[in-house]
Every structure is written in structure tokens, then in C-alpha cells.
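Colleague: sequence unknown, structure follows:
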């Protein structure tokens with residue numbers, strides 16, 4: 001039956017005609033994609049507009065299990081759902097037969113297509129998973145998975161190579177710590193693309209109450225491209241995150257809130273420590289209030305759906321965003337301002353450019369030609385038109401606030417501006433604007 005797991009990922013990732021790359025919302029990596037950066041999505045969305053859908057290793061494995069008919073819920077899990085270090089979790093012990101590290105790494109061993117290989121960084125705590133394909137002519141293990149540099153791809157494991165380092169090696173790499181073989185009773189539906197040759201048919205049966213699994217808690221995002229099939233039964237209710245809970249799902253919530261610019265009641269950034277405390281609750285309540293949700297500090301289905309939708313929206317610094325061209329103009333102007341003050345552009349520069357884009361759009365501007373500061377650099381201005389023109393149009397922001405505002409927060413503000421009726425503001429006469437600074441370091445940038 002595990003052969004269907006390999007068959008499903010082969011159909012989905014390698015035969016569907018879709019293009020994929022590695023993706024995670026909490027990290028950005030160099031890779032071989034057109035823009036040389038990984039995607040911010042691990043759930044098969046293209047958030048960086050490069051034509052490739054982001055997927056990480058655990059989402060890749062989840063897809064194989066899901067489409068092969070196994071009861072894995074509707075949201076991708078993290079590797080920690082399956083194992084931690086060298087130890088399979090209770091979840092894995094319940095739903096999989098465990099193959100030892102020695103047997104899993106053995107050339108021409110007894111692994112079966114569809115077995116889930118588990119890897120651990122030999123110098124750290126990093127983990128990886130892949131799906132066993134077979135053995136090559138030399139007996140080497142071959143697997144498919146989503147790797148940082150390539151996205152979904154096939155890998156051949158060679159002795160003391162990156163994917164099977166010897167203990168004590170000082171070279172970077174991982175070790176095989178075992179494999180998982182899905183138990184027949186874990187399967188509740190027929191495979192999406194049919195059974196592989198020789199596999200027995202499965203009649204969907206609702207799993208016993210004691211074995212019902214809740215929606216995976218550790219998925220940073222909630223959307224995937226293939227709708228859930230109606231023949232899979234899920235008895236558990238969606239999980240609710242609230243104060244006092246802890247774990248990777250809480251950490252993912254904290255990452256998202258922090259990335260979107262939501263802070264605690266005192267304006268302090270929340271830490272992604274996987275502990276749902278008062279500060280996380282305060283940030284979540286701010287998010288709920290800004291989105292017109294019930295402000296209860298509990299991350300239920302409606303709150304998580306709103307959070308995922310905002311995380312999935314293309315940022316203004318990405319080509320897919322409708323105001324990207326205006327942002328690029330603002331960023332070019334800010335970078336020229338950086339050059340005047342002999343500083344290198346950085347994230348603060350992009351934050352300022354995004355904030356100026358919002359201000360410009362609020363003023364009905366359709367172009368940003370200049371970015372200037374007042375004498376003490378406490379305010380920044382986006383200018384449309386020549387600086388000396390009586391017909392120029394300007395938009396202003398508080399500099400310190402703007403450079404501290406994440407691009408995600410400005411993107412959200414642009415959505416709100418777009419939802420408002422067009423103001424049609426005009427500037428029939430010259431608008432007063434302080435003389436821009438010409439020298440010195442820009443405070444706060």
C-alpha cells in the first residue's frame with residue numbers, strides 16, 4: 001500500500017506540469033529558482049510571483065499521504081509530527097511501522113517505495129523527510145523530496161555523502177535516523193490517482209474514535225491547492241489555539257503575527273518561543289480587532305483563516321501586487337535618498353518605501369518621483385512631479401514609524417485604501433513642503 005504514496009507525489013509534483021520550489025514562511029533561502037530565493041509558502045502557493053509553488057519537505061510528504069488516502073488531516077504537518085532527533089513520535093508509532101536507522105540506510109536493503117525516510121542534521125537539530133523511490137544499480141537509496149536548493153527532486157544517497165554522513169564527520173550533512181511505513185489501517189480512502197499494480201483495494205472506513213487525529217497543529221499556513229476529497233472522514237474538530245498552549249503550531253502563529261507587525265499591548269514585538277502567553281494573546285487580539293473579528297484572543301477557524309489569507313496576499317514588494325510599480329518608484333526614490341546620506345539601502349529603506357506607497361495611494365497619487373525628508377528627518381515625503389512645481393503632489397509619513405512598519409503591514413493598509421471610495425484628491429496649488437536635507441546620516445534609517 002505504501003507504493004501509492006510514492007505514486008501520488010510522482011503524479012502531483014513531477015507529472016502534473018506544475019512548477020515547484022522549496023518554501024517556508026519563516027525563512028528565506030538561496031535556491032535555483034528564477035529569483036534565486038525560496039518562496040514564503042510551504043503549502044503550494046506562489047507568493048513571490050516567480051511562477052513556482054512553494055513546498056517544504058514535510059508538506060511534500062503530507063501530500064503523498066493525503067492523496068494516497070491516509071488520514072493525515074487537511075493541513076500539512078511539520079517533521080516534528082513524525083519524529084524528534086532520532087526518536088519517532090507517539091503519532092508515528094501509532095500509524096506507521098518503524099524501520100531502524102541501520103536497516104533504512106543499508107544498501108540494497110528492505111525499504112519499500114513509499115516509505116518515509118527521516119534525516120537529522122549531524123551538527124544540529126535540523127530535520128528532513130523524503131519518500132523512498134527505490135535502489136539504483138549500485139544499491140544506493142534513492143528518494144524524492146523537497147530540498148532547499150532544488151525544490152521537489154530525486155536524490156541518490158551515497159555513503160558518507162551529504163545525505164548519509166558518517167558519525168564524527170566534520171563535513172556538513174545529515175544522517176538517516178530511520179524510516180516509516182504507513183500501516184494499512186491508517187488508510188481511509190482510495191488513492192487519488194488509483195492504486196499501483198498489485199495493491200489491494202481499500203474501502204473507506206471511518207477510523208475509530210481513539211485513533212482520530214485532529215487537524216495537524218504544526219502547519220504554518222492553511223491553504224493547499226487540491227481540495228479535500230469527500231470520501232475521507234475526519235472526526236476531529238479544528239484545533240483552537242489559546243493562552244496556555246505551547247508547541248510548533250503556537251510558534252507558527254507567533255511568526256505570522258510578528259511578520260505582519262502585530263505587537264503586544266505595549267508595542268513590543270512578540271517572540272516566537274512556542275509559548276502562548278499574554279503577549280501573544282494581546283497581539284492576536286490586535287489582529288482580530290483590525291479584521292473585524294470577535295476579539296477573544298483565541299485563534300479559532302475564522303481568525304486563522306483571516307491570518308492565512310493575509311499571509312498569502314502578495315506583498316507590495318512582489319511583482320504580483322497591483323501597486324508594485326508604485327512601490328518600485330518609491331523604493332528607487334528612497335535609495336537615492338540613502339545615497340545622498342551615504343548609507344546603504346536595507347530593510348528599513350524598503351519599509352519606508354512601502355509606507356510612502358500607502359501614503360501616496362491615500363493621496364490619490366499614481367507616481368512617486370522623489371523622496372525627501374524635513375530638516376530634522378522626523379517626516380518623510382513622497383513627491384509626484386518636480387520639486388519646484390506648483391502642481392506637485394505630496395504624501396507624508398512619520399519617519400521612525402515608517403521604517404519600523406513591516407512591509408506586510410503596509411500591504412494590509414493598501415488593501416484598506418483600495419477598499420475605500422476614490423477620493424480624487426487634486427493639488428491646484430503648491431503644497432508646502434520643508435526643504436529636504438542634503439547631507440548627514442538619516443536618523444532612524
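Modeller: The structure has been received and is ready for your questions. Worth saying up front: this structure is predicted, and the values here are computed from it rather than measured.

Colleague: I'd like to know which elements the helix or strand of the chain with the lowest mean pLDDT is packed against.
Modeller: In the chain, the helix or strand scored least confidently by mean pLDDT, DSSP states H and E is helix 301-312, which has a mean of 80. With contacts taken as 3 or more CB pairs under 8 Å, 6 or more residues apart in numbering; DSSP states H and E, helix 301-312 sits against helix 248-259, helix 278-290, helix 407-419. Backbone N, C-alpha and C define where each C-beta goes, glycine included.

Colleague: among the ones you listed, which comes closest to residue 347?
Modeller: helix 407-419 (8.6 Å; CB to CB).

Colleague: just the helices in the stretch 101-250 of the chain please.
Modeller: Counting by DSSP state H, counting those that start in this stretch, the stretch 101-250 of the chain has helices at residues 101-105, 248-259.

Colleague: counting by contacts, list what the longest one packs against.
Modeller: Packed against helix 248-259, as judged by 3+ CB pairs under 8 Å, 6+ apart, are the following elements: helix 278-290, helix 301-312.

Colleague: ok, residues contacting the longest one?
Modeller: Outside helix 278-290, the residues that touch it by CB atoms under 8 Å, 6 or more residues apart in numbering are 242-243, 250, 253-254, 257-258, 260, 262-265, 268, 270-271, 293-299, 303, 306-307, 412.

Colleague: any idea how far it is from the chain center?
Modeller: 21 Å (CA atoms, centre = their mean, to the nearest Å).

Colleague: equivalent analysis for stretch 322-332, please.
Modeller: That offset, for stretch 322-332, works out to 23 Å (CA atoms, centre = their mean).

Colleague: give me the contact list for it.
Modeller: Stretch 322-332 is contacted by residues 316-318, 321, 349-350, 353-354, 356-357, 360-361, 365-369, 371, 382, 414, 418 when judged by CB under 8 Å, 6+ apart.

Colleague: what residues of that stretch count as buried?
Modeller: Neighbour-count burial for stretch 322-332 flags 323, 324, 326, 327, 328, 329, 330, 331 (criterion: 16 or more other CB atoms under 10 Å).

Colleague: residue 140 against residue 109, yeah?
Modeller: No. Judged on CB atoms under 8 Å, residue 140 makes no contact with residue 109 at a distance of 10.5 Å.

Colleague: now the strands for the chain?
Modeller: 20-21, 53-54, 83-84, 87-88, 96-99, 116-121, 127-135, 141-147, 151-156, 174-182, 370-373, 379-384, 393-398 (DSSP state E).

Colleague: give me the sheet partners of the second one and which way each runs.
Modeller: Same thing as strand 53-54. When pairing is defined by DSSP bridges, strand 53-54 lines up against strand 20-21 (parallel).

Colleague: where does the prediction get shaky in the protein?
Modeller: 1, 196-239, 312, 421-445 (pLDDT under 70).

Colleague: show me how the record splits it into domains.
Modeller: 2-27+38-186, 245-312, 323-419 (the TED database).

Colleague: and of the buried residues of stretch 322-332, the nearest to residue 135?
Modeller: residue 324 (47.7 Å).

Colleague: tell me how far that closest one lies from residue 64.
Modeller: 35 Å (CB to CB, to the nearest Å).

Colleague: also residue 148?
Modeller: 19 Å.

Colleague: the more surrounded of the two?
Modeller: residue 64 (28 against 18; other CB atoms under 10 Å).

Colleague: my guess is residue 407 contacts residue 350. True?
Modeller: Yes. Between residue 407 and residue 350 a contact is recorded at 6.3 Å, counting by CB under 8 Å.

Colleague: common neighbours of the two, please.
Modeller: With CB under 8 Å, 6+ apart as the test, residue 407 and residue 350 both reach residue 317.

Colleague: for the helices and strands packed on helix 301-312, which one ends up most surrounded?
Modeller: helix 248-259 (a mean of 22; mean count of other CB atoms under 10 Å).

Colleague: residue 393 is nearest to which of the helices and strands packed on helix 248-259?
Modeller: helix 278-290 (28.2 Å).

Colleague: between helix 301-312 and that closest one, find me the angle.
Modeller: Relative orientation of helix 278-290 and helix 301-312, computed by axes from the mean of the first three to the mean of the last three CA atoms, to 10 degrees: 80 degrees.

Colleague: just the residues contacting stretch 396-409, thanks.
Modeller: 259-261, 310-311, 315-317, 348-352, 354-356, 358-359, 373, 377-382, 442-445.

Colleague: just to revisit the earlier point, got any residues that touch both of residue 140 and residue 109?
Modeller: Joint contacts of residue 140 and residue 109 (CB under 8 Å, 6+ apart) do not exist.

Colleague: any idea how far the closest residue to residue 385 other than its chain neighbours is from residue 337?
Modeller: Among residues not flanking residue 385 along the chain, residue 392 sits closest, at 3.6 Å (CB to CB, 6 or more residues apart in numbering). For residue 392, the distance to residue 337 equals 17 Å [CB to CB].

Colleague: those two: which is more packed in?
Modeller: residue 337 (23 against 17).

Colleague: who does residue 155 form a beta bridge with?
Modeller: residue 143.

Colleague: count the residues that sit near it.
Modeller: Residue 155 - counted by other CB under 10 Å - has 19 other residues nearby.

Colleague: ok, it touching residue 163?
Modeller: Yes. Using CB under 8 Å, residue 155 is in contact with residue 163, at 6.1 Å.

Colleague: give me the nearest residue to residue 240, chain neighbours excluded.
Modeller: Going by CB to CB, 6+ apart, residue 240 has residue 300 as its nearest residue, at 5.0 Å.

Colleague: give me the phi and psi for that neighbour.
Modeller: According to degrees, to the nearest 10, the main-chain angles of residue 300 amount to phi -90, psi -170.

Colleague: and it, how close does it get to residue 3?
Modeller: For residue 300 relative to residue 3 (CB to CB), the value is 38 Å.

Colleague: who has more neighbours out of these two?
Modeller: More neighbours surround residue 3 than the other of residue 300 and residue 3, with 19 against 16 (other CB under 10 Å).
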